[in-house]
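# Any chance you can model this:
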Amino acid sequence: MRVKVLCSFKALGVAQRDEKIGRLLTSSAAPNTETGAMFTELSRIASRILGRRCAAPPPLRKTPIKFVLARSRRLAYLQIPKVGCTSMRTALCFWARPDLTREQLLDRETFERHPEWNDMVPPEDPFVADCFRFTFVRHPCERFASFVRSKIAGRTTEQIRPRFRRLGLRAGMSLEEIFAAVEAAPRETLEWHVMPQSYFVFDGERPRVDFIGHLEQFEAGLDEIAARSGTRLEVQRLNATGCDPSVQLSPELKARLAKFYAEDFARFGYTP
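You can find the predicted model right below:
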């Protein structure tokens, strides 16, 4: 009986099968003796199929949070993209990878091809707690403009990286259209170049770092890190996007950015 039921049921098209499942599961009539076994078997199959279809989807993968370590100096840098991140990762590599030459580390293309050169760990790694932890933040509007200049502007759609295309970003989009795509994306899984900086820096109300510097006062921040950690970081200006006259934020767009990144403005002392 089971083989016949399975074969006849699987032979149905999707629409026919769904219709039959519905009839079986909503039928109020008790099966008679002849059809009782088939009814029971089909109900069991239908429940399994519907159970698979209605199962909860896998949880969305949250945007990763990573510290970059210089273990010999007990330094842990909380990286935030578009806030001097490449330069700071290189600076820690000077300490963490003495086997690499300055030429290797300061060649941006070479450095970007070797992410394994950085000793990167999640915030819960036990070693992080024993380090002087620091990061830098940036005015949210300037950070968004830097993202557009370095990742979207002047590129064809094919040249835009897939992770940005998954946000719906394409060549030729206006700044307003780019930001509308960012606004529409789920906040907890935003691509990390446009994720609010507060997401990285704070775990609830608790900061993940001992020191928060501002990119606008970068040298003063490096002085503070040296005074508190005993290590002077040599930071080169890498991956700078410069000025692109086509990337100018209108007052209306700045107002939208201020609303979207309101937590960043409040926590880090910036004004819209």
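# Please enumerate the helices of the chain.
All helices of the chain, identified by DSSP state H, fall at 2-10, 14-26, 36-54, 85-96, 102-106, 108-112, 140-151, 162-165, 175-184, 197-201, 218-229, 251-260, 262-268.
# worst average pLDDT in the ones you listed?
Between the helices of the chain, the one with the least mean pLDDT is helix 2-10; it has a mean of 46.
# How far off centre is stretch 160-167?
Distance, stretch centre to chain centre, for stretch 160-167: 12 Å (CA atoms, centre = their mean, to the nearest Å).
# Kindly report the same for stretch 210-221.
24 Å.
# Kindly report the same for stretch 177-186.
Here stretch 177-186 is found 14 Å from its chain centre; the criterion is CA atoms, centre = their mean.
# Please list the residues outside that stretch that contact it.
Residues outside stretch 177-186 that contact it (CB atoms under 8 Å, 6 or more residues apart in numbering): 60, 144, 148, 152, 167-169, 173, 190-191, 194, 253, 256-257, 260. Yep, even glycine has a C-beta here, placed from its N, CA and C like the rest.
# And for stretch 261-272?
Here stretch 261-272 makes contact (CB under 8 Å, 6+ apart) with 137, 139-141, 144, 196-198, 201-202, 212, 214, 254-255, 257-258.
# Have a look at this structure and report its longest strand.
Looking across the chain with DSSP state E, the single longest strand is strand 132-137.
# Give me the sheet partners of that strand and which way each runs.
Strands adjacent to strand 132-137 in the sheet, as given by DSSP bridges, are strand 75-78 (parallel), strand 211-214 (parallel).
# deepest of the ones you listed, which one?
Compared across those, strand 75-78 shows the largest average neighbour count, a mean of 25 (mean count of other CB atoms under 10 Å).
# and the chain, what are its domains?
As recorded under automatic domain parsing, the domains making up the chain are 2-54, 67-268.
# Pick the most deeply packed of those domains.
When the domains of the chain are scored by mean count of other CB under 10 Å, the highest mean neighbour count falls to domain 67-268 (a mean of 16).
# from the middle of its chain, how far away would it be?
12 Å.
# got the contact list for the residue positioned nearest the centre of the chain?
Closest residue to the average C-alpha location of the chain: residue 63 at 3.1 Å, with CA atoms, centre = their mean. Going by CB under 8 Å, 6+ apart, residue 63 touches 188, 189, 190, 191, 192, 195, 199.
# That concludes my questions; thank you for your assistance.
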